[in-house]
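Student: Structure for this input, please:
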Amino acid sequence: MNRIDIIIGICSTVLLAGGIVHAEVPAKKQFGGQPLPAAMAPKVHGFYSKGCIAGAMAIPVDGPNWQAMRLSRNRRWGHPALIKIIEDLSYKAKKDGWNGIMVGDISQPRGGPMLTGHRSHQLGLDADLWFMPMPDQRLTYKEREDLSAVSVLKKDSVYVDDSRWTRAHTMLLYHAANYKAVERILVHPGVKKKLCDTVEGNRSWLNKIRPYWGHHYHFHLRIGCPDGSPGCQSQQGTGSGTGCDSSLDWWFDVAFKPPKKPKKIDTPKKEKPKKRRELVLSDLPKACTAVLKAPATDLETATLKIRETAFAAPEIKLPKVSAASIMLSKSIESAGSTLSGMEIPVPTPRPTR
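Tutor: Numbering: from 1, shown residues only. I've put the predicted structure just below:
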């Protein structure tokens with residue numbers, strides 16, 4: 001073989017390898033298209049933003065004290081430990097004036113990267129719960145798709161609107177933070193400040209309430225790695241203290257301050273940041289390949305058995321899961337229908353709509 005043949009061979013190999021990499025299907029398309037969980041024992045693999053879950057459980061569309069929202073996304077799946085916490089939290093919050101929980105995104109049936117939205121929520125250990133209590137009326141499928149959540153902030157402000165925040169909001173977060181399995185709860189810095197300024201007595205639970213961008217329409221509840229999941233990668237702990245210190249001040253003194261206008265000088269235009277590379281199956285733990293290929297559990301078997309057996313859920317016909325409907329699903333803060341004609345008995349006073 002002469003030198004030219006060797007060079008051609010090397011180039012062909014490089015091009016072929018490159019083609020294989022670029023042709024690999026994004027993991028979100030593989031996991032997002034799975035309608036049901038893997039028929040395996042409950043186990044999570046990887047990290048919150050790069051992993052999957054086997055043996056996931058679905059929270060029922062309706063429970064005595066909750067309603068699942070945005071059903072077209074098929075994201076009401078999680079580790080059984082998380083699903084049971086949400087059920088239990090709904091009862092505790094009810095006793096403290098929260099009429100019922102509006103359950104947002106948890107995870108896909110087998111976890112993994114999502115077709116839209118979150119980078120996390122891949123292990124079935126994260127849940128978005130709305131800062132808006134459940135109405136007395138059970139919502140239709142369409143209402144669950146179109147209804148917009150309500151921000152707890154003042155208009156054009158980073159501070160909580162006192163006319164919207166009630167003791168029931170505080171107690172909802174208090175009960176959520178007091179589960180041992182819950183590691184952190186992400187809220188808007190304005191919500192964290194509200195708690196720091198108003199909570200008296202035992203304030204230790206405020207340690208788990210972590211300020212973060214967004215999260216004023218809902219809060220993000222996250223549990224730690226569950227037992228029986230050695231492949232789960234834990235997150236750094238929250239340390240000690242309430243977090244009501246200079247670290248919180250940074251958000252208002254620095255992060256939320258409008259940027260200073262730069263002086264007009266002839267400077268080259270900055271290049272647009274490169275688009276983030278899509279995760280592919282080979283980026284995830286090896287166990288996720290088996291999770292993806294495993295046979296499915298049937299819906300009834302994989303759904304939480306509600307403790308209140310006398311509760312009769314309304315019949316809602318769920319359409320077949322499709323990538324198209326997921327891609328078109330509205331974010332919870334998008335302009336949508338309101339609760340016109342529906343009375344929300346709590347909190348008092350009701351949020352302005």
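Student: Determine the three-state secondary structure at V191.
Tutor: helix (DSSP: H, G, I helix; E, B strand; the rest coil).
Student: Could you verify my assumption that it touches V158?
Tutor: No. With contacts counted by CB atoms under 8 Å, V191 stays clear of V158, the gap being 10.1 Å. Placement of C-beta: from N, CA and C, glycine included.
Student: So for these two, which sits in the more crowded spot?
Tutor: Shown here are V191 and V158; by other CB atoms under 10 Å, V191 has more neighbours (26 against 15).
Student: now the more buried one: how far from G214?
Tutor: In this view, V191 and G214 are 11 Å apart by CB to CB, to the nearest Å.
Student: Now list whatever residues contact both of the two.
Tutor: Overlap of the contact sets of V191 and G214 (by CB atoms under 8 Å, 6 or more residues apart in numbering) is empty.
Student: okay, the residue lying closest to S240 once chain neighbours are set aside: pLDDT?
Tutor: For S240, ignoring the flanking residues on the chain, the nearest one in space by CB to CB, 6 or more residues apart in numbering is N207 at 6.8 Å. pLDDT for N207: 97.
Student: any chance you could read off phi and psi for N207?
Tutor: phi -60, psi -40 (degrees, to the nearest 10).
Student: wait, isn't it in contact with G243?
Tutor: Yes. If you go by CB under 8 Å, N207 and G243 touch, sitting 6.2 Å apart.
Student: Could you list every helix and strand that the helix or strand L172 falls within packs against?
Tutor: Taking DSSP states H and E as the definition, L172 sits inside helix 167-177. Identification of packing neighbours for helix 167-177 by 3 or more CB pairs under 8 Å, 6 or more residues apart in numbering; DSSP states H and E yields helix 80-95, strand 182-187, helix 189-198, strand 218-223.
Student: Switch these over to TSV; also include distance to V61 and mean pLDDT.
Tutor: Converted to TSV, the helices and strands packed on helix 167-177 look like this (distance: least, CB to CB, whole Å; pLDDT from 0 to 100):
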stretch	distance to V61	mean pLDDT
helix 80-95	13	98
strand 182-187	24	97
helix 189-198	28	98
strand 218-223	18	97
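Student: With distance to A168 added, can I get those in a markdown table?
Tutor: Shown next, in a markdown table, are the helices and strands packed on helix 167-177 (distance: least, CB to CB, whole Å):
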| stretch | distance to A168 |
| --- | --- |
| helix 80-95 | 7 |
| strand 182-187 | 15 |
| helix 189-198 | 13 |
| strand 218-223 | 13 |
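Student: what about stretch 38-48, start to end distance?
Tutor: Terminal residues of stretch 38-48 lie 18 Å apart, using CA to CA, to the nearest Å.
Student: Pull the distance from it to the chain's centre.
Tutor: With CA atoms, centre = their mean, to the nearest Å as the basis, stretch 38-48 stands 17 Å off its chain's centre.
Student: Mind listing what's buried along that stretch?
Tutor: For stretch 38-48, the neighbour count (16 or more other CB atoms under 10 Å) marks 38, 40, 42-48 as buried.
Student: how about R210, secondary structure?
Tutor: Strictly by three-state DSSP, R210 counts as strand.
Student: Could you report the neighbour count for E271?
Tutor: Count around E271 with other CB under 10 Å applied: 6.
Student: tally of neighbours for S325?
Tutor: With other CB under 10 Å as criterion, S325 counts 15.
Student: so who does it touch?
Tutor: 72, 319.
Student: In a helix, it, correct?
Tutor: Yes. Under three-state DSSP, S325 sits within a helix.
Student: Quick check: E278 touching P26?
Tutor: Yes. Between E278 and P26 there is a contact under CB under 8 Å: 4.0 Å.
Student: which stretches of the chain form strands?
Tutor: Using DSSP state E, the strands of the chain run over residues 43-47, 50-54, 57-58, 62-63, 66-68, 77-78, 101-103, 126-130, 182-187, 209-211, 218-223.
Student: Can you tell me which of the ones you listed is most buried?
Tutor: Greatest average neighbour count among the strands of the chain goes to strand 77-78 (a mean of 30), per mean count of other CB atoms under 10 Å.
Student: For that one, enumerate the helices and strands it packs against.
Tutor: strand 57-58.
Student: Go ahead and measure how far the strand it packs on is from the middle of the chain.
Tutor: That offset, for strand 57-58, works out to 15 Å (CA atoms, centre = their mean).
Student: quick one: low-confidence ranges for the stretch 1-150 of the chain?
Tutor: 1-23 (pLDDT under 70).
Student: what's the answer for the stretch 201-350 of the chain, then?
Tutor: 262-270, 334-350.
Student: again, 80 this time
Tutor: Along the stretch 201-350 of the chain, the parts satisfying pLDDT under 80 run over 260-275, 334-350.
Student: residue boundaries of the helices in it?
Tutor: 246-250, 287-293, 299-302, 323-328 (DSSP state H, counting those that start in this stretch).
Student: Quick one: residues in contact with the third one.
Tutor: What it means is helix 299-302. With CB under 8 Å, 6+ apart, helix 299-302 has contacts from 36-37, 56-58, 77, 109.
Student: Roughly how far does S282 sit from A294?
Tutor: 18 Å.
Student: Perfect, I'm done here.
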